[in-house]
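Participant: Give me the fold of what follows.
(chains A and B)
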Amino acid sequence: AQSVTQLDSHVSVSEGTPVLLRCNYSSSYSPSLFWYVQHPNKGLQLLLKYTSAATLVKGINGFEAEFKKSETSFHLTKPSAHMSDAAEYFCVVSLNKFYFGSGTKLNVKP
Amino acid sequence: KAGVTQTPRYLIKTRGQQVTLSCSPISGHRSVSWYQQTPGQGLQFLFEYFSETQRNKGNFPGRFSGRQFSNSRSEMNVSTLELGDSALYLCASSLSPLRDRSADTQYFGPGTRLTVL
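Facilitator: Numbers count the residues shown, from 1 in each chain, chains lettered A, B, ... in the order given. Alright, predicted model coming up:
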């Protein structure tokens, strides 16, 4: 069985401070992992994906995520938040189908 | 390449009616998946089509159905609409290679906002 857990439903940071969105997965196999971002009333946009190459994955808009097999985690980070980062973020695990986390809403305060 | 397109973008229907939503995948993509997104239930998987066949299905009643055409375009139909069907319906397409499906990546359309009155 496999599933994905996003540990925080809401995260609030100040503009210019680091962002950490947490994701843990459970899988019997080495999965592919993704982060998507959704701005209000929009579709999901792919931020980055991990497919068993480098464990540190760089994505768009300054985001990156690190795959840690020992911790079964794939946390999303960004060194400095921008107001435009305010959105909902989804962690996704893929093997033969896609499993979505429940989402983390990121609020960025001025 | 053009992205995933969905039509219409907005739709208002009344209870009991039926609705058909359309999704055109990225050129060359053979898999199309449909999702329902609501504030209460979040993102829920409806079904996936590949080569005109339903490959995976979520836990939705039979009122929700879909199909895929030979050009990979897909339609989703909801019959006998209920108030609870009001949602953002998202379509995603992927290459879905027959080998190493774990490397597959879904690309989403902008969604169709359905309001049932």
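
Participant: For chain A, what lies in contact range of chain B?
Facilitator: Counting by CB under 8 Å from any CB of the partner chain, the residues of chain A close to chain B are A:29-32, A:34, A:36, A:41-46, A:49, A:51, A:90, A:92, A:94-98, A:100, A:102-103. Glycine gets a C-beta too; all of them are placed from N, C-alpha and C.

Participant: Okay, and the beta partners of the residue of chain B found nearest chain A?
Facilitator: The nearest approach of chain B to chain A comes at B:F108, 4.0 Å away (CB to the nearest CB). According to DSSP bridges, the partner residues bridging B:F108 are B:A92.

Participant: Surely it touches A:V37?
Facilitator: No - judged on CB atoms under 8 Å, B:F108 makes no contact with A:V37 at a distance of 10.6 Å.

Participant: so what's in contact with those two at the same time?
Facilitator: With contacts defined as CB atoms under 8 Å, 6 or more residues apart in numbering or on different chains, the residues adjacent to both B:F108 and A:V37 are A:44-45.

Participant: ok, back up a step: residue contacts, the residue of chain B closest to chain A?
Facilitator: Here B:F108 is in contact with A:36, A:43-45, B:4, B:90-92 (CB under 8 Å, 6+ apart).

Participant: give me that answer again for 6 Å
Facilitator: A:43-44, B:90, B:92 (CB atoms under 6 Å, 6 or more residues apart in numbering or on different chains).

Participant: With A:Q6 instead?
Facilitator: A:23, A:91, A:101-102, A:104.

Participant: and which of those residues is nearest to A:G16?
Facilitator: Of all the contacts of A:Q6, A:G16 sits closest to A:T104, with 19.6 Å by CB to CB.

Participant: ok, what's across the strand from that closest one?
Facilitator: Bridge pairing for A:T104 - DSSP bridges - gives A:Y89.

Participant: count of residues packed around the nearest residue to B:F50 once chain neighbours are set aside?
Facilitator: The shortest distance from B:F50 to any residue other than its chain neighbours is 4.7 Å, reached at B:S31 (CB to CB, 6 or more residues apart in numbering or on different chains). Look at B:S31: counted by other CB atoms under 10 Å in any protein chain shown, it has 23 neighbours.

Participant: So for the chain, the centremost residue is which one?
Facilitator: All of this refers to chain A. Compute the mean C-alpha point of chain A, and by CA atoms, centre = their mean the closest residue is A:W35, 4.0 Å away.

Participant: Switch to chain B, please.
Facilitator: B:W34 (2.6 Å).

Participant: Contacts for the worst-scoring helix or strand of chain A on mean pLDDT next, please.
Facilitator: Least confident helix or strand of chain A, by mean pLDDT, DSSP states H and E, is strand A:98-100 with a mean of 86. The contact list for strand A:98-100, computed with CB under 6 Å, 6+ apart, reads A:4, A:90, A:92-93, B:43.

Participant: one more time with 8 Å
Facilitator: Contacts of strand A:98-100 (CB under 8 Å, 6+ apart): A:2-4, A:90-93, B:33, B:42-43, B:45, B:106.

Participant: Name only those of those that count as buried.
Facilitator: The neighbour count (16 or more other CB atoms under 10 Å in any protein chain shown) marks A:4, A:90-93, B:33, B:42-43, B:45, B:106 as buried among the contacts of strand A:98-100.

Participant: okay, these in CSV with distance to A:T55 next?
Facilitator: Output for the buried ones among the contacts of strand A:98-100, formatted as CSV (distance: CB to CB, whole Å):
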residue, distance to A:T55
A:V4, 18
A:F90, 21
A:C91, 16
A:V92, 17
A:V93, 16
B:S33, 28
B:G42, 28
B:L43, 27
B:F45, 28
B:Q106, 22
